[in-house]
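Visitor: sequence and computational prediction follow.
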Amino acid sequence: MTLAARGIVELFRLIRREDEVYRQILTFSISHDHCSTRIYGYYAVIDGKDTKYYRYPINKFNFTALDGKDKWTAYRFTKNVYDTWMPDYFQRICSAIDQLPLKIPRL
């Protein structure tokens, strides 16, 4: 997911709008095994031409504990990403793509 975050940062850097993605969650990942799930958000810290990428732990839980109390947490999180977070984020990405110059300068 860091590679996807890097692509978003580079897109916004090309149109000089990198301040819009500075320290903002750009991508998510969910990993799991037979009993636990981990949800992470990825963000970038931009300092001029230098960019560092970080993974932020959003939630970590055992879906077999407490009689399955948390078994739907990952599903609800993912559904909220698609229904709530993604539409505005998608519009920002489309707006950035629309501002790309016809000839992109080599970096």
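Guide: Noted; the coordinates are in hand.

Visitor: any low-confidence regions in this structure?
Guide: Regions of the chain meeting the criterion pLDDT under 70 cover residues 64, 68, 104-107.

Visitor: what are the boundaries of the strands in it?
Guide: 25-32, 36-47, 50-62 (DSSP state E).

Visitor: quick one: buried residues of the longest one?
Guide: I take that to be strand 50-62. Residues of strand 50-62 classed as buried by neighbour count (16 or more other C-beta atoms under 10 Å): Thr51, Tyr53, Phe61. The C-beta positions use only the backbone N, C-alpha and C, and glycine is treated the same way.

Visitor: got the contact list for the second one?
Guide: Just to be clear, that refers to Tyr53. Going by C-beta atoms under 8 Å, 6 or more residues apart in numbering, Tyr53 touches Thr2, Ala5, Arg6, Tyr42, Tyr43, Ala44, Val45.

Visitor: redo that, cut-off 7 Å
Guide: Thr2, Ala5, Arg6, Tyr42, Ala44 (C-beta atoms under 7 Å, 6 or more residues apart in numbering).

Visitor: ok, Ile58 - contacts?
Guide: Taking C-beta under 7 Å, 6+ apart as the test, what Ile58 contacts is Ile39, Tyr40, Gly41.
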